[in-house]
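**Student:** My questions concern the predicted model and sequence given below.
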Amino acid sequence: AQTVTQSQPEMSVQEAETVTLSCTYDTSENNYYLFWYKQPPSRQMILVIRQEAYKQQNATENRFSVNFQKAAKSFSLKISDSQLGDTAMYFCAFMKMNRDDKIIFGKGTRLHILP
Amino acid sequence: GAVVSQHPSWVICKSGTSVKIECRSLDFQATTMFWYRQFPKQSLMLMATSNEGSKATYEQGVEKDKFLINHASLTLSTLTVTSAHPEDSSFYICSARVVPVRDEQFFGPGTRLTVL
């Protein structure tokens, strides 16, 4: 069975700073996806970034980037130049590369960006 | 982009009544939809996987007779909470998978259920 662990329940950083959210996972699969989802107070789940396990290059989306370490089963999210709108719950998630397979979420990290 | 809607966005009902929540993919066809439950300050917990035209697959510990799921078309799945009780109060979120294969799920805005 797959598991996703986020060891930081809550974090706070000053606006414009850089923050890194940690995530580790456990799987015996070789082909899979990893995601970071953002859930703001509206509760709408928003995909921040995704990484295919077969890709060595770390995914980047504007201010968001990941550090994917496949051997260590680590998938951290770095948010650069943090903004007040980044305040949200962030979930790390795993999904096997299978058409009908499900997403497994970590417990989440609540991120507060302070003015 | 791919949009998923849920209706209603919130509902309050009396204990013992049944509540139906709809999940629609608005601009794409979804062969697979997923239903999650999220308690306050907790993560999303998958309840069931719904495939169009077939019976839903429930996760362990989820009562299939209590949480009835119907996926009658490629754009609509419904979750009916039967004989709801206060402990069923939660935030219910659906997601839909894009067809053809694109390994990404799009989430609905969620439905807040409060059972009095």
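**Tutor:** All right, it came through fine. Numbers count the residues shown, from 1 in each chain, chains lettered A, B, ... in the order given.
**Student:** if I look at residue B:41, how far off is residue A:77?
**Tutor:** 20 Å (C-beta to C-beta, to the nearest Å). (Glycine included, C-beta is placed from N, CA and C.)
**Student:** okay, the two: which has more neighbours?
**Tutor:** Ranked by neighbour count (other C-beta atoms under 10 Å in any protein chain shown), residue B:41 and residue A:77 place residue A:77 first, with 25 against 10.
**Student:** Report pLDDT for the more buried one.
**Tutor:** In this model, residue A:77 is scored at 98, pLDDT.
**Student:** Dump the helix or strand harbouring it to PDB, restricted to CA.
**Tutor:** Using DSSP states H and E, residue A:77 sits within strand A:74-79. Extracted C-alpha coordinates of strand A:74-79, given in PDB (Å, rounded to 0.1, in the frame of the first residue of the first chain):
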ATOM      1  CA  SER A  74      11.000  12.500  -1.100                       C
ATOM      2  CA  PHE A  75       9.000  15.300  -2.800                       C
ATOM      3  CA  SER A  76       9.300  18.700  -1.300                       C
ATOM      4  CA  LEU A  77       7.600  21.900  -2.500                       C
ATOM      5  CA  LYS A  78       9.400  25.200  -2.600                       C
ATOM      6  CA  ILE A  79       7.500  28.400  -2.800                       C
END
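**Student:** Could I get the CA-only coordinates of stretch A:107-115 as CSV?
**Tutor:** The C-alpha coordinates for stretch A:107-115 follow below in CSV (Å, rounded to 0.1, in the frame of the first residue of the first chain):
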residue,chain,number,x,y,z
LYS,A,107,-2.4,14.9,6.0
GLY,A,108,-1.5,18.3,4.8
THR,A,109,0.5,21.3,5.9
ARG,A,110,-1.2,24.5,6.9
LEU,A,111,0.8,27.4,5.5
HIS,A,112,0.4,31.0,6.8
ILE,A,113,2.0,33.8,4.9
LEU,A,114,2.4,36.8,7.3
PRO,A,115,2.3,40.4,6.1
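**Student:** Can you tell me what sits against it?
**Tutor:** Contacts with stretch A:107-115, where a contact means C-beta atoms under 8 Å, 6 or more residues apart in numbering or on different chains, come from A:5-6, A:8-15, A:19, A:21-22, A:39, A:79, A:82-91, B:42-43.
**Student:** buried subset of those?
**Tutor:** A:6, A:8, A:13, A:19, A:21-22, A:39, A:79, A:82, A:86-91, B:43 (16 or more other C-beta atoms under 10 Å in any protein chain shown).
**Student:** For residue 69, give me its contacts.
**Tutor:** Reading this off chain A. Going by C-beta under 8 Å, 6+ apart, residue A:69 touches residue A:75.
**Student:** think we crossed wires, I meant chain B
**Tutor:** Counting by C-beta under 8 Å, 6+ apart, residue B:69 touches B:35, B:48, B:50, B:56, B:77, B:78, B:79, B:80.
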